[in-house]
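1. Only the shape, not the letters, is given here:
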């Protein structure tokens, strides 16, 4: 059975089709990532699935329940950690946890016990008595997630959980996600970062302009856009045209001219031919300031998938 | 895909332990959920006591200011005017304070905590009902302060303590009901500023075109007709009746009818907006 299944899911705001016929089949267990730039429709999709927004078209079932007809049943089994801390910042960490526990039906003493337990596990015991507005970004995220698992949900929605976090806090959030998954929770995670999806997700859906434009495992997606990207900066921007021609011919690929007038990048199918291509630049007297060969970034996966940015240079 | 990373020892084990402990609980009753939200409102007062200015200093200022401005001119002396005016200014002040309900709610929504509340299985109106219950506590505080200030200035309620308390109850019931208008506005309008703006636009004519400050007999007939059907007038009549010891069943009935109407219209409207808000 699928944890989430949608068919033609649609949300319209005025003239704008924020979510435009999204089909998803998300297996139970593991992490499923929805990847896309700002405004792609990720948050709107999640909000519909979490029963926060009415569905305008198509249908969606979450854990076997229709989000429109059985929203109460859905809410009993899901939890949501929104993009912005969904906490009362005037209240302390303990008070926030107790508040949610009480709203979930815990008795006063059981709510207090659960709050203490959660704060301990999230390394927030000392901060528990302080108002949340005094917390750092990483602590806020952790208490936010802790609040989401007062009752361990069957499905957790995490909307851009690491946006704006420093690397250490980001790693902590990742560890929490992994622990949740090993405890049997299905996690639906939206992100703008390919690296994050790569680290955590079993499968990824790439969304743009309200539509799913690609779906698959991280490896499948990366293979579909080539094994890597070669980025080159020249000492002399004047020679960029010539360099683009040479690289295009040597690598048999489209060369993209970057906004930096001295830089260009090429999607590379086969890393082995890269040294020869670079050597050809040097033979032709085109001097390289620096170069890098790396995984395709989200931008590149994205541009490649939407197919509207790479221009034939040769 | 599985990945292993190094992490501080103990963390994962503690996390697993806490996840195992997160068993599902039975959802709370509507009352319990509402009271929990009310508790949140009390906690906010504890942590941000300056938000009590509107229910402490504001009522004192209103009472003292208007009594001395209007007292001599309207009733010949401050002492005589107080007997008429205290129940009126009580209604005026508390009704003005209700408008903070809308702006407070609007702020809450923008902070994102309402998303959390709405994704919980608890009775959905409880977030709104609970914060209104919290507000009722604030209204009660303001009412007490006004009557105390009045007593110091020489006001003597003929209805005694019981009459004053009955007056409070009627006023609080009405204010709770009126607050649903602000709840609707708080959910409907985009910013806190616009909520405050619209609220003022409604409240000023509503409270001034009434029998709060002056007896309507001296007003033009058209205005008298408006004053007579203004729900604020009905509430002021009832509160004056209760505190002056002359309360009639009809006065109580009108307040309850007006309150019931407000709730019947604006509570479902608020709930609809609450469910569908973007």
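-> Thanks, I have it. It should be emphasised that the depicted structure is a prediction, and the values quoted were computed from it without experimental measurement.

2. secondary structure class for the residue nearest to residue A:201 when sequence neighbours are not counted?
-> Distances taken as CB to CB, 6 or more residues apart in numbering or on different chains put residue A:33 closest to residue A:201, at 3.6 Å, once the chain neighbours are dropped. To be clear about C-beta, it is placed using only N, CA and C from the backbone, and glycine gets the same treatment. Following DSSP: H, G, I helix; E, B strand; the rest coil, the label given to residue A:33 is strand.

3. what's the residue nearest to residue A:20 when sequence neighbours are not counted sitting at in phi/psi?
-> Leaving aside its chain neighbours, residue A:20 sits nearest to residue A:210 (3.6 Å; criterion: CB to CB, 6+ apart). Phi and psi for residue A:210, reported as degrees, to the nearest 10, are phi 80, psi 10.

4. quick one: contacts for residue 235?
-> The chain I'm using is chain A. By CB atoms under 8 Å, 6 or more residues apart in numbering or on different chains, the contact list for residue A:235 reads A:262, A:287, A:288, A:289.

5. ah, no, chain B please
-> Residue B:235 neighbours (CB under 8 Å, 6+ apart): B:91, B:95, B:170, B:171, B:174, B:255, B:258.

6. starting at the chain centroid, how far to stretch B:160-175?
-> 14 Å (CA atoms, centre = their mean, to the nearest Å).

7. and that stretch, which residues are buried?
-> For stretch B:160-175, the buried set under the neighbour-count rule, 16 or more other CB atoms under 10 Å in any protein chain shown, comprises B:163, B:164, B:166, B:167, B:168, B:169, B:170, B:171, B:172, B:173, B:174, B:175.

8. Need these in JSON lines (columns: distance to chain A, pLDDT and secondary structure).
-> Listed next are the buried residues of stretch B:160-175 as JSON lines, based on distance: CB to the nearest CB, whole Å; pLDDT from 0 to 100; DSSP: H, G, I helix; E, B strand; the rest coil:
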{"residue": "B:163", "distance to chain A": "37", "pLDDT": "96", "secondary structure": "helix"}
{"residue": "B:164", "distance to chain A": "33", "pLDDT": "96", "secondary structure": "helix"}
{"residue": "B:166", "distance to chain A": "33", "pLDDT": "96", "secondary structure": "helix"}
{"residue": "B:167", "distance to chain A": "32", "pLDDT": "96", "secondary structure": "helix"}
{"residue": "B:168", "distance to chain A": "28", "pLDDT": "96", "secondary structure": "helix"}
{"residue": "B:169", "distance to chain A": "28", "pLDDT": "96", "secondary structure": "helix"}
{"residue": "B:170", "distance to chain A": "31", "pLDDT": "96", "secondary structure": "helix"}
{"residue": "B:171", "distance to chain A": "28", "pLDDT": "96", "secondary structure": "helix"}
{"residue": "B:172", "distance to chain A": "25", "pLDDT": "95", "secondary structure": "helix"}
{"residue": "B:173", "distance to chain A": "26", "pLDDT": "96", "secondary structure": "helix"}
{"residue": "B:174", "distance to chain A": "29", "pLDDT": "96", "secondary structure": "helix"}
{"residue": "B:175", "distance to chain A": "23", "pLDDT": "94", "secondary structure": "helix"}
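
9. quick one: low-confidence ranges for the chain?
-> Using chain A. For chain A, the stretches flagged by pLDDT under 70 are A:225-227, A:295-300, A:302, A:306-314.

10. actually chain B
-> Chain B contains residues with pLDDT under 70 at B:1-11, B:277-278.

11. Indicate the residue of it located nearest to chain A.
-> The minimum distance from chain B to chain A, using CB to the nearest CB, falls at residue B:22 (3.3 Å).

12. Near the residue nearest to residue A:201, how many other residues are there?
-> 26 (other CB atoms under 10 Å in any protein chain shown).

13. which residues touch it?
-> Listed by CB under 8 Å, 6+ apart, the contact partners of residue A:33 are A:188, A:189, A:190, A:191, A:196, A:197, A:200, A:201, A:203, A:204, A:205.

14. where does it sit relative to residue B:238, distance-wise?
-> 60 Å (CB to CB, to the nearest Å).

15. Please apply the same query to residue A:134.
-> Where residue B:238 is concerned, residue A:134 sits at a distance of 46 Å (CB to CB).

16. repeat for residue A:59
-> Computed as CB to CB, the residue A:59 to residue B:238 distance reads 52 Å.

17. So those two - more neighbours on which side?
-> Set side by side, residue A:59 and residue B:238 show more neighbours around residue B:238, with 27 against 15, by other CB under 10 Å.

18. Name the helix or strand for the closest residue in space to the more buried one that isn't next to it in sequence, please.
-> Among residues not flanking residue B:238 along the chain, residue B:251 sits closest, at 4.0 Å (CB to CB, 6+ apart). Residue B:251 is part of helix B:249-276, with elements assigned from DSSP states H and E.

19. Go through that helix and flag the buried ones.
-> B:251-252, B:254-256, B:258-259, B:262-263, B:266-267, B:269-271, B:274-275.

20. what kind of secondary structure is residue A:43 in?
-> Per three-state DSSP, residue A:43 ends up helix.

21. Also residue A:184?
-> With three-state DSSP as the basis, residue A:184 sits in coil.

22. Was I right to think it contacts residue A:29?
-> Yes - using CB atoms under 8 Å, residue A:184 makes contact with residue A:29 at a distance of 7.0 Å.

23. which residues touch the closest residue to chain B within chain A?
-> Closest to chain B within chain A is residue A:152: 3.3 Å, counting by CB to the nearest CB. Applying CB under 8 Å, 6+ apart to residue A:152 gives the contacts A:180, A:183, A:185, B:19, B:20, B:21, B:22, B:23.

24. circling back: residue contacts, the residue nearest to residue B:238?
-> Residues near residue B:251 by CB under 8 Å, 6+ apart: B:234, B:237, B:238, B:241, B:242.

25. thinking again about what came up before, check which helix or strand the residue of chain B closest to chain A maps to.
-> Using DSSP H and E, residue B:22 sits in no helix or strand.

26. That one and residue A:149 touch, don't they?
-> Yes - contact status for residue B:22 versus residue A:149: in contact at 5.7 Å, counting by CB under 8 Å.

27. When these two are compared, which one has more neighbours?
-> A direct count of neighbours by other CB under 10 Å for residue B:22 and residue A:149 places residue A:149 higher, at 25 against 20.

28. Just to check, that one is in contact with residue A:118?
-> Yes - with contact defined as CB under 8 Å, residue A:149 reaches residue A:118; the gap is 7.3 Å.

29. shared neighbours, these two?
-> Shared contacts of residue A:149 and residue A:118, defined by CB under 8 Å, 6+ apart, comprise residue B:18.

30. ok, which stretches of the stretch 51-200 of chain B are helices?
-> Secondary structure of the stretch 51-200 of chain B (DSSP state H, counting those that start in this stretch): helices located at B:53-75, B:78-97, B:100-111, B:113-118, B:126-153, B:160-188, B:192-208.

31. Now, of the contacts of residue A:152, which are buried?
-> Neighbour-count burial (16+ other CB under 10 Å) is assigned, among the contacts of residue A:152, to A:180, A:183, A:185, B:19, B:21, B:22.
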